[in-house]
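K.L.:
Dropping a prediction and its sequence here:
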Amino acid sequence: MGTMSEPDSCGANMVRIIGWMLLLICGCVLPMSVQAQAIRQADLFSFSVGYMDFDKTESHRESADFRFEYRWGTSLLPMLQPSWQRWDHSVQVHPIFATETTSRGALYGMGGLGMDLYMGPHGIFTWSEGVGLFYPGAMQPMGSVIEFRSQAEVGWRFTDQTRLTLQASHISNAHITGRNPGAEIAGIYLHVPLDTPHRY
């Protein structure tokens, strides 16, 4: 059992290390670049192209990865505590709904939360976690129908709130079954605003 879970542990650790490094960079930059006025984030339609299992060489697993996502613009933090609205200029938490497919016919549907950290008027870092249902298609089974996704993104936010970000993500079943090979994905996102943002 230990050998089967080893690839997943390595992949998960790699994504976590990338995420913590980016978070550390954000923590250093953020205090120096906070905007005076918060901007309500627009709802986003997101499209991503990536490469699944970029860190492995098994031909039955490597594939192109395609994603379509909806990211709700209103932050959840002020809903939990109204006084947290003052954080909106630096950190927001948003629901994410995603569908994903690969060139090997795998399908994944997921819901989760994304935490945005704003680095000045244009820099953006997003850490997201989600859970959903996975169908492997022609690729190697992932050990469970239920799979979790952890993802780190870093990129640029344009003035109209369109975003271009790079992502590294990890999908696995978190060892809820005995088999948990996991998969690592690297890719690029285009996030398109679906409404007009406004200042508070």
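P.N.:
Structure's in. What do you need? Numbers count the residues shown, from 1 in each chain.
K.L.:
Relative to residue 122, how far out is residue 64?
P.N.:
Computed as Cβ to Cβ, to the nearest Å, the residue 64 to residue 122 distance reads 29 Å. The C-beta positions use only the backbone N, C-alpha and C, and glycine is treated the same way.
K.L.:
So for the helix or strand where residue 134 lies, what gets flagged as buried?
P.N.:
Assigned by DSSP states H and E, residue 134 belongs to strand 123-135. Buried residues in strand 123-135, defined by neighbour count with 16 or more other Cβ atoms under 10 Å: 123, 124, 125, 126, 127, 128, 130, 132, 134.
K.L.:
would you list those in JSON lines and tack on distance to residue 149 and pLDDT?
P.N.:
Formatted as JSON lines, these follow (distance: Cβ to Cβ, whole Å; pLDDT from 0 to 100):
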{"residue": "123", "distance to residue 149": "23", "pLDDT": "94"}
{"residue": "124", "distance to residue 149": "19", "pLDDT": "95"}
{"residue": "125", "distance to residue 149": "17", "pLDDT": "96"}
{"residue": "126", "distance to residue 149": "13", "pLDDT": "97"}
{"residue": "127", "distance to residue 149": "12", "pLDDT": "96"}
{"residue": "128", "distance to residue 149": "8", "pLDDT": "97"}
{"residue": "130", "distance to residue 149": "5", "pLDDT": "96"}
{"residue": "132", "distance to residue 149": "7", "pLDDT": "97"}
{"residue": "134", "distance to residue 149": "10", "pLDDT": "96"}
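K.L.:
Nearest to residue 40 among the residues you listed?
P.N.:
Within these, the smallest distance to residue 40 is 14.9 Å, found for residue 124 (Cβ to Cβ).
K.L.:
Give me the most central residue, this structure.
P.N.:
By Cα atoms, centre = their mean, the chain has its centre lying nearest to residue 151, at 3.7 Å.
K.L.:
Quick check: beta-bridge partners of it?
P.N.:
With DSSP bridges applied, residue 151 shows beta-bridge pairing to residue 128, residue 169.
K.L.:
likewise residue 65?
P.N.:
For residue 65, the beta-bridge partners are residue 50, residue 102 (DSSP bridges).
K.L.:
Give me the neighbour count for it.
P.N.:
Close neighbours of residue 65, defined as other Cβ atoms under 10 Å, add up to 24.
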